[in-house]
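1. show me the folded form of this:
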Amino acid sequence: MWDFDHCDPRRCSGKKLARLGLITELRVGSRFRGVVVSPRGTIVVSPADKEIVGRDGIAVVECSWARIDDVPFSKIASPHERLLPYLLATNPTNYGKPWRLNCVEALAAAFYITGFDQHAETLLSSFGWGDSFWKVNGPYLKRYQTCASAEEVTVMQETIIAELQESYEESRREKDAARSTEDLLVRNPNHAMPSNDDGPSPASGGDVE
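-> As a prediction, the model looks like this:
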């Protein structure tokens, strides 16, 4: 992990993993031969990276999304920089936001996709909210695991996003239809109801002869 001290140490997932001895810190400028999960990558991580990960591991850049432009990516050297495909953050800071994964989520995602599920679960188990990452992203991760290459992962990502968009549009159509039905049940104010002030009727107790 390259740590740029952007985050609150009490809330930083990377620093917590380092304290637990689950990851090690890298010096800026040092070369890493494994897969580096980086927003500057041009290829998504895929099961094709399994051999690289098994031999040399995975590294991440611990920094704030708000200060991403301050990171000297040119000094982070790796021949295997990778992007993550579509996934949702489940950490307390960015819960539900696509792609806004923190350090432990990024590591876990890369391990899951490359077939090292136990490594991912070990990292996530150190956090109270860790179980939610698989519960939310499991359906996506399982589909990425079926791919053979980065190109296939990219196509799968596009398919998932299209399905989510269609589901959202369908939900909106159903809500609009439900509102239209409710409107039909509302009394038309232009049709005045008869008032009791209009005079007696047999049903209202007036005298009938």
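2. make it CA atoms for all contacts and neighbour counts henceforth
-> Noted.
3. what is the helix or strand where Gly138 lies packed up against?
-> Element membership for Gly138 (DSSP states H and E) is helix 130-145. For helix 130-145, the packing partners by 3 or more Cα pairs under 8 Å, 6 or more residues apart in numbering; DSSP states H and E come out as helix 103-113, helix 150-184.
4. run the angle between the shortest one and helix 150-184 for me.
-> Think helix 103-113. Angle between the axes of helix 103-113 and helix 150-184 is 110 degrees (criterion: axes from the mean of the first three to the mean of the last three Cα atoms, to 10 degrees).
5. report the rounded mean pLDDT for helix 103-113.
-> What helix 103-113 shows for mean pLDDT is 96.
6. can you check stretch 15-31 too?
-> 85.
7. and it, what's buried?
-> Buried positions in stretch 15-31, judged by neighbour count with 16 or more other Cα atoms under 10 Å: Lys15, Lys16, Leu17, Ile23, Leu26, Val28.
8. go on, stretch 141-150?
-> Buried residues in stretch 141-150, counted by 16+ other Cα under 10 Å: Leu141, Tyr144, Gln145, Cys147, Ser149, Ala150.
9. ok, for the residue most central in space within the chain, nearest residue in space, not its chain neighbours?
-> With the centre of the chain defined as its mean C-alpha position, the nearest residue by Cα atoms, centre = their mean is Leu88, 0.5 Å away. Here the nearest residue to Leu88 in space, its sequence neighbours aside, is Pro98; by Cα to Cα, 6 or more residues apart in numbering that works out to 4.3 Å.
10. any stretches of the chain with poor pLDDT?
-> For the chain, applying pLDDT under 70 flags the ranges 4-9, 63-72, 74, 77, 180-209.
11. any idea what Ile58 is bridged to?
-> Ile58 forms beta bridges with Val35, as assigned by DSSP bridges.
12. correct me, but it touches Val45?
-> No. In this structure, Ile58 is not within contact of Val45 by Cα atoms under 8 Å, at 10.7 Å.
13. and for these two, which residues touch both?
-> Val37, Ala110 (Cα atoms under 8 Å, 6 or more residues apart in numbering).
14. please identify which of the two sits among more neighbours.
-> Neighbour tally, Ile58 and Val45, criterion other Cα atoms under 10 Å: the higher count belongs to Val45, 29 against 23.
15. which SSE is the residue nearest to that one when sequence neighbours are not counted in?
-> Leaving aside its sequence neighbours, Val45 sits nearest to Arg82 (Cα to Cα, 6+ apart; 5.3 Å). Here Arg82 sits within strand 81-82, counting by DSSP H and E.
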